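Peer 1: one predicted model, sequence on top.
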Amino acid sequence: MNAIIALCHFCEAHGPCILFCTQAFHSAHDAQLLMDSAPPDKRMPLLERSDSNASESSLSSLMHPPPKSSDQCEACRSVPVDQPGGLLPYATPARWPVTLRHTSKACRSVPVDQPGFISYDSRAQISYISGQYPEQSQLYSILRQACVRSLNCEVCPGREGPIVFGEDNSCHVLSHTFNVQDSQARGFSRLYSFIVVMMDRVFLINSWPFLVKHLRALIDNLQAKAETVYSMESEETKSSHPRSLRSSLSSLHGPDHLRCIRTNQMGRSLIELTGDREIFVYLHKYFVFLLKAGGQRITECVLEGPPQVAASPEPLQDERHLRGGSPMETLDRPVCASEFRVVQIENQPSFQSLRHLFQVLDYGDFLELAHHILRGDQVIVRGSDVTTVTSILDVLKDLVPDSCCRIIGFSQSYKESFICNFLGLAVGVELPHHIVASDLHVHLDILPPLNSKSSGSPREPHYEDSECSDPLQSYKLQVNSARPRTAETKYPIFLNRLTALLSNEVFSDSTVARALTALKEEWMNKVKVLYKFSQMGHLELPQRNERLTKLQEILLVNHEDLLILQYWRSALSKDYRTHLMQGDRTQ
């Protein structure tokens, strides 16, 4: 875990101060550089072998005083057994803050000539180093600021408990303040805090339950030890200073004199408050456990697979046509949905949205047209105005995922459905007989009003109010297919929800567009479920049909929706299909 864990203390003489901190170096070279800065007579090489089992050992062993140096494993031993005090110098005291040489015992964790501890994990190649201050001056400044805010500014109700604060441009801090009893302190307690400092806010928030749980256990252990010492000292004070003597001193000098005597006493170190000479060795091991286990608990992973509705990157807004040809030439080539653009020609109206087409087209014709498109049939739009034809294709492609669209905007000849499923044709282009007789194709003919100046073959007169605000209201749109709709025609649930959305006048066009995207994403999720169902082991036909019926009830779809889902399976990329099947095998 890329973080620094520190113990902070509020000293009545010096204010907030850093008492003890632990940080990780992810290579032996980084830690060796710190050791090289020590005086020659105090240098010691890093431990070459260790098995850091801090994250694997139970917390019950950490809740008791650490064993003697001879009983410690190499991962938790700061120096060899014959090194006095179990300390490994790793930095020159002269490079530490000058205040360290003049601090009281309450503000110091280890002696100046023995500045810290080190544990080396040979498996992960990580060195854990603990000391009074971090070696880097930048980290000291960040840690110092976090210490001041933890003990002075950022406090939770009751003055004890966890809290998170910080800024994105500097660092984020999890602080847990607590009090330790001291019979010689003002108010008979001293204020401490544990702080965890890191740059990753998301990682810190997700580590909150783990860190707060173990910091609370550590605090309870320290407070229990301090309470034992406090009780012993209180009994000694009562026995050595009878109540009658204390009352006589109070009557002679007053309570202010006793307060001055108590205030002038030097603060005591955490070793004295807890009665544990190895308390900082214990804290070093516990901090190492938090850093190691916290890093192993949560790891970052890359999310695989395409988005819910597969889409290609959209070109720039002013890029209306493909490269290498005039607009009319490029319209005769099949393109994907993201590359298709409407060709704007003066005095030719265009449809602006799917709702606009829904309002102009007859309700029954729209149902028939949309039903064919949703299940993958080829749609053919014929008209004399290039802008009108391409605008209709542009709004109709929004009905299906982008990966299911191959579009030819405007052509002078018919193209087979395996080349494109959205086809724009000029007026007068004859369709093959097998296309007209097939129920896998649907045709939309655009008939301009009688007074239209558009070129083309003669057409039926269409009498509408030509003075209406929308010129397209005067056009006649005819939908033809080999299997026309009847009163008994059943439409998919998707289409029913779509028409309800488009007919709702309360929603704006932008709201309808977002709702349509959400609706397609919902159906794409059902496509993924159906694909995994289809890849199940070989089943007998009756059993398979029974399971398919149950799947329809779960997905809330009917038989017509299944035809849509089967067609939309083509929107799943090969990589995502492989990802779905691999996830199924790993479960």
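Peer 2: In hand now; what should we look at?

Peer 1: run the chain-centre distance for the longest helix anywhere in the chain.
Peer 2: For the chain, the helix that runs over the most residues, judged by DSSP state H, is helix 208-240. A distance of 39 Å separates the centroid of the chain from that of helix 208-240, by CA atoms, centre = their mean, to the nearest Å.

Peer 1: tell me which residues of it come out buried.
Peer 2: 211, 214-215, 218-219, 221-223, 225-226, 229-230, 233 (16 or more other CB atoms under 10 Å). Heads up, the C-betas are built off the backbone N, CA and C, glycines and all.

Peer 1: now stretch 546-557
Peer 2: For stretch 546-557, using 16+ other CB under 10 Å, the buried residues are 552, 555, 557.

Peer 1: check stretch 429-448 too.
Peer 2: Neighbour-count burial for stretch 429-448 flags 431, 435, 438, 441-448 (criterion: 16+ other CB under 10 Å).

Peer 1: neighbours around Ile195, how many?
Peer 2: With neighbours defined by other CB atoms under 10 Å, the count for Ile195 comes to 26.

Peer 1: was I right to think it contacts Ala3?
Peer 2: No - the pair Ile195 / Ala3 is not scored as a contact, 9.8 Å apart, by CB atoms under 8 Å.

Peer 1: residue boundaries of the strands in the protein?
Peer 2: For the chain, the strands identified by DSSP state E occupy 4-11, 15-25, 116-121, 126-131, 161-166, 172-181, 189-198, 378-383, 407-411, 422-426, 441-447, 476-481, in order along the chain.

Peer 1: so what's Ile493 up against?
Peer 2: 556-558, 560-561 (CB atoms under 8 Å, 6 or more residues apart in numbering).

Peer 1: who touches Val395 in this structure?
Peer 2: 351-354, 356-357.

Peer 1: sitting in helices, which of these do you find?
Peer 2: Helix and strand membership here follows DSSP H; of the contacts of Val395, those in helices are 354, 356-357.

Peer 1: ChimeraX command to pick out the buried ones of those?
Peer 2: The buried residues among the ones in helices among the contacts of Val395 can be selected in ChimeraX (16+ other CB under 10 Å) with this line:
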select :354,356,357
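
Peer 1: per-residue pLDDT, the closest residue to Pro449 other than its chain neighbours?
Peer 2: Residue nearest to Pro449 in three dimensions, not counting chain neighbours: Ser474, with 4.3 Å by CB to CB, 6 or more residues apart in numbering. In this model, Ser474 is scored at 86, pLDDT.

Peer 1: middle-most residue in the protein, spatially?
Peer 2: The residue at the geometric middle of the chain, judged as the C-alpha nearest the mean C-alpha position with CA atoms, centre = their mean, is Val202 (7.6 Å).

Peer 1: quick one: it from Asp168, how far?
Peer 2: Spatial separation of Val202 from Asp168 under the definition CB to CB, to the nearest Å is 11 Å.

Peer 1: quick revisit: with distance to Phe410 and pLDDT as added columns, please give the contacts of Ile493 in JSON lines.
Peer 2: Putting the contacts of Ile493 into JSON lines (distance: CB to CB, whole Å; pLDDT from 0 to 100) gives the following:
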{"residue": "Leu556", "distance to Phe410": "40", "pLDDT": "88"}
{"residue": "Val557", "distance to Phe410": "36", "pLDDT": "89"}
{"residue": "Asn558", "distance to Phe410": "36", "pLDDT": "89"}
{"residue": "Glu560", "distance to Phe410": "31", "pLDDT": "88"}
{"residue": "Asp561", "distance to Phe410": "33", "pLDDT": "90"}
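
Peer 1: among the residues you listed, name the ones in helices.
Peer 2: Judged by DSSP H, helices contain the following of these: 560-561.

Peer 1: of the contacts of Ile493, closest to Gly161?
Peer 2: Out of the contacts of Ile493, the one with the shortest distance to Gly161 is Leu556. That distance is 46.7 Å, counting by CB to CB.

Peer 1: nearest residue to that closest one other than its sequence neighbours?
Peer 2: Per CB to CB, 6+ apart, closest to Leu556 is Ile493, 7.0 Å.

Peer 1: show me where this structure dips below the pLDDT cut-off.
Peer 2: Residue ranges of the chain with pLDDT under 70: 27-115, 240-266, 300-329, 450-468, 537, 582-587.

Peer 1: what's the neighbour count on the closest residue to Val479 other than its chain neighbours?
Peer 2: Using CB to CB, 6+ apart and skipping residues adjacent in sequence, the residue nearest Val479 is Asp365, 4.0 Å away. The tally of other residues near Asp365 (other CB under 10 Å) stands at 17.

Peer 1: Asp365 and Pro16, how far apart?
Peer 2: Counting by CB to CB, the gap between Asp365 and Pro16 amounts to 76 Å.

Peer 1: cool, Glu430 as well?
Peer 2: With CB to CB as the criterion, Glu430 and Pro16 are 88 Å apart.

Peer 1: again with Asn496
Peer 2: Between Asn496 and Pro16 the distance, using CB to CB, works out to 66 Å.

Peer 1: give the contact list for Leu425.
Peer 2: The contact partners of Leu425, by CB under 8 Å, 6+ apart, come to 380-382, 389, 410-414.

Peer 1: how deep is Leu392 tucked in, by neighbour count?
Peer 2: Heads up, residue 392 is Ile, not Leu. For Ile392, the number of neighbouring residues by other CB under 10 Å comes to 27.

Peer 1: quickly note the distance from it to Thr517.
Peer 2: Distance of Ile392 to Thr517, computed by CB to CB: 20 Å.

Peer 1: and what of Ile118?
Peer 2: Here Ile118 is placed at a distance of 56 Å from Thr517 (CB to CB).

Peer 1: next: Leu556.
Peer 2: From Leu556 across to Thr517, the span is 19 Å (CB to CB).

Peer 1: ok, now Thr390?
Peer 2: For Thr390, the distance to Thr517 - CB to CB - is 22 Å.

Peer 1: compare these two (neighbour count), which wins?
Peer 2: Between Thr390 and Thr517, counting by other CB under 10 Å, Thr390 is the more crowded of the two (26 against 14).

Peer 1: contacting residues for the more buried one?
Peer 2: Thr390 sits in contact with 331, 340-343, 350, 409-410, 424, where contact means CB under 8 Å, 6+ apart.

Peer 1: let's see that with 10 Å instead.
Peer 2: Listed by CB atoms under 10 Å, 6 or more residues apart in numbering, the contact set of Thr390 reads 327, 331, 340-345, 348, 350-351, 381, 383, 407, 409-410, 424.

Peer 1: whichever of those residues end up buried, select them in PyMOL.
Peer 2: Buried residues among those (16+ other CB under 10 Å), as a PyMOL selection:
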select buried, resi 327+331+340+341+342+343+348+350+351+381+383+407+409+410+424
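
Peer 1: now do stretch 145-153: distance from first to last residue.
Peer 2: Counting by CA to CA, to the nearest Å, the length from the leading to the trailing residue of stretch 145-153 is 11 Å.

Peer 1: who touches it?
Peer 2: 4, 6-11, 15-19, 21, 154-155, 163, 165-166, 170-177, 191-197.

Peer 1: how about 6 Å then?
Peer 2: For stretch 145-153, the surrounding residues in contact (CB atoms under 6 Å, 6 or more residues apart in numbering) are 8, 10, 16, 18, 173, 175, 193, 195, 197.
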